[in-house]
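Asks: Structure for the following, please:
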Amino acid sequence: MNEVLKNIYTRASVRRYKADKVPDEDIKEIIRAGFHAANGMNRQAIEFIVMENKNSIRKYNRKAIILFAEMMKASGQPNPMIDKMVDDPNADVFHGAPVLVFVYANPSVVTPVEDGSLAVGNMMLAAHSMGYGTCFIGFAAGLGNDQEFRKECNVPDGHKYLACMILGKPDGNVEKHSRSDVKVLNWVK
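Replies: Below you'll find the model as predicted:
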């Protein structure tokens, strides 16, 4: 099997991390891989925020949980599991990762969802190939438009939040999830 396919088939989301610092050079290389993802009309409109400060991560962990719970309630879909996390001061949606990478699109973006998704996919595969673990954090969505977060992270007006990915060295064995067979709805020849 070629190395690219092996990397794709062996990557898994990691939810327990060592506190070890990830070298800046490795973070830059992983972000570079994200920036090199395909993007609509080659606008190259994806920009990144890297957060390593433990106090900031702790603060925004709590805020992410609260904002996500509020988003769920506002959508008419409150979730008892999420409400329980709000009440748990030890709940950690960032799973102890030493690095958070937030992905934004600048106003020139044409296909933000696609561009951000492809960027995160590239970063996850690059990180895995370098011995790091990653996980896409949907719970961070509320932070994307939070004014305190945007101000602290210097997010310019007009930039659209797309995603959050955590990064670090896995702590222990990474649980592999089996995949079912590929489902092809139709193959038109």
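
Asks: Going along the chain, name the strands of this protein.
Replies: Taking DSSP state E as the criterion, the chain contains strands spanning 46-51, 99-105, 133-136, 160-168.

Asks: Just the C-alpha atoms of the shortest one, please, in PDB.
Replies: The C-alpha coordinates for strand 133-136 follow below in PDB (Å, rounded to 0.1, in the frame of the first residue of the first chain):
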ATOM      1  CA  GLY A 133      -2.800  13.300  17.100                       C
ATOM      2  CA  THR A 134      -5.600  15.600  16.100                       C
ATOM      3  CA  CYS A 135      -9.400  16.000  16.600                       C
ATOM      4  CA  PHE A 136     -11.900  18.300  15.000                       C
END
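
Asks: Now do that strand: which elements does it pack against?
Replies: Judged by 3 or more CB pairs under 8 Å, 6 or more residues apart in numbering; DSSP states H and E, strand 133-136 is in contact with helix 112-129, strand 160-168. C-beta coordinates here come from the backbone N, C-alpha and C atoms, glycine included.

Asks: K183 is nearest to which of these?
Replies: In terms of CB to CB, the element of these nearest to K183 is helix 112-129, at 19.9 Å.

Asks: Who are the contact partners of V4?
Replies: Neighbouring residues of V4 by CB atoms under 8 Å, 6 or more residues apart in numbering: there are none.

Asks: how close does it get to H128?
Replies: V4 sits 11 Å away from H128 when distances are taken as CB to CB, to the nearest Å.

Asks: try I30
Replies: Per CB to CB, I30 is found 10 Å from H128.

Asks: Likewise for E114?
Replies: Spatial separation of E114 from H128 under the definition CB to CB is 21 Å.

Asks: now swap in A19 and tell me
Replies: Per CB to CB, A19 is found 20 Å from H128.

Asks: These two - which one has more neighbours?
Replies: Between A19 and H128, H128 has the larger neighbour count (other CB atoms under 10 Å), namely 19 against 11.

Asks: need the contact list for that one.
Replies: With contacts defined as CB under 8 Å, 6+ apart, the neighbours of H128 are N7, T10, R11, T134.

Asks: hang on, isn't the first one packed against A127?
Replies: No - proximity of N7 to A127 does not meet the contact threshold set by CB atoms under 8 Å, at 10.2 Å.

Asks: Comparing these two, which residue is more hemmed in?
Replies: Neighbours around N7 and A127, counted as other CB under 10 Å, are more numerous at A127. The numbers are 27 against 15.

Asks: would TSV of the strands of the chain with mean neighbour count and mean pLDDT be doable?
Replies: Supplementary listing: the strands of the chain in TSV, determined by neighbours: other CB atoms under 10 Å; pLDDT from 0 to 100:
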stretch	mean neighbour count	mean pLDDT
strand 46-51	19	98
strand 99-105	24	98
strand 133-136	22	98
strand 160-168	23	98
